[in-house]
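**Student:** Sequence plus the predicted model coming up.
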Amino acid sequence: MGNPRDFIGGSKWNLDTPCLVIDQDVLEQNLQNMQAHLASFGKGLRPHAKTHKCSIIARQQMAAGAVGICVAKVSEAEVLVKAGLRGVLITSPVVTDQKIVALMECLFRDPDLMVVVDHPTNARMLNEAARKQGSRLSVLVDLDPGMGRTGVPFREGLALGQWIHSLPAMRLRGVQCYAGSVQHILNFEERKDASLGWMGQAAEVFRQFRQNGLPAEVFSGSGTGTYEIDCQVPELTDLQAGSYTLMDTEYLQIGCSRNPQKFEKFPPALTLLTAVISSNHPGYFTVDAGLKALYHHGGIPSVIHPQGLGLTYEWRGDEHGKVSLPAPGKRFEIGEILELVVSHCDPTVNLFDYFYVARGETVVDVWPIDLRGKCQ
Ligand SMILES: Cc1ncc(COP(=O)(O)O)c(C=O)c1O
């Protein structure tokens with residue numbers, strides 16, 4: 001299989017499959033477009049690295065003007081902090097002893113590290129750990145936008161904020177509210193109503209913080225599906241969009257403000273190359289990317305073909321996919337390479353060790369997916 005870097009300088013069509021390819025021009029455009037859009041509304045971007053799991057891309061996002069980087073897990077934070085990134089926000093509560101030890105090590109390296117809290121006991125544990133280390137830990141109160149995943153109900157946000165503010169080694173900074181359940185609502189107007197409903201309630205808690213003399217510098221939340229919508233919430237300070245970097249078919253099918261049928265602003269920067277390994281039947285053939293290369297969630301991968309042949313992908317188990325032609329005619333030969341847009345980028349990226357990076361059709365770099373497998 002060789003060293004992936006040996007492919008640099010060659011054509012992406014010669015890469016070993018299945019593999020992930022980033023179109024660097026599209027990625028750069030996506031980073032700039034999101035940054036510019038939010039800046040035009042006076043909002044910050046705190047992009048979520050759970051999508052790309054790559055410290056090189058996180059660094060590019062910071063260089064483009066991001067106010068910090070989000071991660072979901074402490075083990076992801078460890079990699080980013082060791083890679084020199086600062087101002088990392090962990091967007092899920094950190095509650096077990098082992099993880100709190102790891103969190104404190106991250107805090108030692110990154111004094112601007114932040115974490116969300118949704119329970120007074122957790123705040124007390126974190127306070128104790130930070131106090132022992134002689135550090136202060138920045139904290140956001142996690143608010144639950146009706147998902148029942150993490151977060152306190154809105155009506156309990158102020159009380160939890162007051163409790164955290166009373167703890168000497170805790171530095172309360174504000175709130176987080178991520179309405180994940182609304183991000184993929186197909187209809188833009190319905191998504192808008194739903195998101196503004198939840199984010200409006202979170203804004204009310206943020207205002208209560210101010211009225212009660214609590215620190216309220218950060219109100220972080222939102223995602224790719226609601227980036228246009230949530231810019232209308234005056235209190236929101238920064239958006240945590242993640243998928244806009246790479247994109248996937250799940251997001252490409254939702255409507256946006258300009259086009260009810262398609263999410264236009266961010267084209268897919270990520271594709272997966274797969275090879276035809278068997279072609280013995282009229283109308284369809286088998287490729288080498290199945291469930292172990294394409295995460296089975298969120299939709300169906302789409303096949304990009306320069307002649308727009310209307311090819312469709314179907315799951316065919318762990319190792320294979322079935323690609324069908326709308327009408328028998330053109331035959332695909334074994335060894336031909338096809339390009340797919342993945343169905344759900346975050347968990348698909350987590351299946352691979354590196355991205356091949358291409359300018360046009362030429363491989364120009366290889367970036368390790370160094371947060372891969374960091375789910376602890
Ligand atoms: C807390 C949090 N913030 C931000 C995001 C990024 O969302 P998206 O990929 O929809 O932009 C996620 C994704 O699951 C998340 O869990």
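**Tutor:** In hand now; what should we look at? Numbering: from 1, shown residues only.

**Student:** Can you name the residues of the stretch 51-200 of the chain that neighbour the ligand?
**Tutor:** In this structure, the stretch 51-200 of the chain approaches the ligand at residues 51, 70, 91, 178, 180, 183, judged by Cβ under 6 Å from any ligand atom. C-betas here are computed from N, CA, C, even on glycine.

**Student:** Could you give the number of residues near the last one?
**Tutor:** Here the count is done by other Cβ atoms under 10 Å, and residue 183 has 22 residues near it.

**Student:** what's the answer for the fifth one, then?
**Tutor:** Counted by other Cβ under 10 Å, the residues lying close to residue 180 total 11.

**Student:** OK, contacts around the closest residue to it other than its chain neighbours?
**Tutor:** The shortest distance from residue 180 to any residue that is not its chain neighbour, by Cβ to Cβ, 6 or more residues apart in numbering, is 6.1 Å, and that residue is residue 147. For residue 147, the contacting residues are 179-181, taking Cβ atoms under 8 Å, 6 or more residues apart in numbering as the criterion.

**Student:** from those residues, which single one is nearest the ligand?
**Tutor:** Distances from the contacts of residue 147 to the ligand were compared by Cβ to the nearest ligand atom; the smallest belongs to residue 180, at 5.4 Å.

**Student:** Buried ones in the longest helix seen in the chain, by neighbour count?
**Tutor:** Identified as the longest helix of the chain according to DSSP state H is helix 188-211. Of the residues in helix 188-211, those with enough neighbours to count as buried (16 or more other Cβ atoms under 10 Å) are 188, 191-192, 194-196, 198-199, 201-203, 205-206, 208-209.

**Student:** Please identify the helix or strand for the nearest residue to residue 279 once chain neighbours are set aside.
**Tutor:** Residue nearest to residue 279 in three dimensions, not counting chain neighbours: residue 285, with 4.0 Å by Cβ to Cβ, 6+ apart. Assigned by DSSP states H and E, residue 285 belongs to strand 284-287.

**Student:** I'd say residue 208 and residue 158 touch.
**Tutor:** Yes: between residue 208 and residue 158 there is a contact at 4.6 Å, judged by Cβ atoms under 8 Å.

**Student:** where along the stretch 1-150 of the chain do the strands fall?
**Tutor:** Assigned strands in the stretch 1-150 of the chain, in chain order: 19-23, 44-45, 69-71, 88-90, 114-117, 137-142 (criterion: DSSP state E, counting those that start in this stretch).

**Student:** Mind putting the ones you listed into a markdown table with distance to residue 219, mean pLDDT and mean neighbour count?
**Tutor:** Below are the strands of the stretch 1-150 of the chain laid out as a markdown table (distance: least, Cβ to Cβ, whole Å; pLDDT from 0 to 100; neighbours: other Cβ atoms under 10 Å):
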| stretch | distance to residue 219 | mean pLDDT | mean neighbour count |
| --- | --- | --- | --- |
| strand 19-23 | 31 | 98 | 21 |
| strand 44-45 | 10 | 98 | 21 |
| strand 69-71 | 14 | 98 | 27 |
| strand 88-90 | 12 | 98 | 24 |
| strand 114-117 | 12 | 98 | 26 |
| strand 137-142 | 9 | 98 | 26 |
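
**Student:** Which of these sits closest to residue 335?
**Tutor:** strand 19-23 (15.2 Å; Cβ to Cβ).

**Student:** Note down every partner strand of that closest one and its orientation.
**Tutor:** strand 270-281 (antiparallel), strand 354-359 (parallel) (DSSP bridges).

**Student:** Extract the CA atoms of the last one and return them as PDB.
**Tutor:** To tie it back to what came earlier, the one meant is strand 354-359. Output for strand 354-359, consisting of C-alpha atoms alone and laid out as PDB, is shown next (Å, rounded to 0.1, in the frame of the first residue of the first chain):
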ATOM      1  CA  TYR A 354      -5.800  10.700   6.700                       C
ATOM      2  CA  PHE A 355      -7.200  13.000   4.000                       C
ATOM      3  CA  TYR A 356      -5.600  13.200   0.600                       C
ATOM      4  CA  VAL A 357      -5.700  16.900  -0.300                       C
ATOM      5  CA  ALA A 358      -6.100  17.800  -4.000                       C
ATOM      6  CA  ARG A 359      -5.900  21.000  -6.100                       C
END
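
**Student:** After that strand, which helix or strand is next?
**Tutor:** Sequence-wise, the next helix or strand beyond strand 354-359 is strand 362-368, with elements assigned using DSSP H and E.

**Student:** tell me the mean pLDDT for that following strand?
**Tutor:** Here the mean pLDDT over strand 362-368 is 98, rounded to a whole number.

**Student:** Need the contact partners of stretch 128-135.
**Tutor:** 100-101, 103-104, 107-108, 111, 136-137, 168-170.
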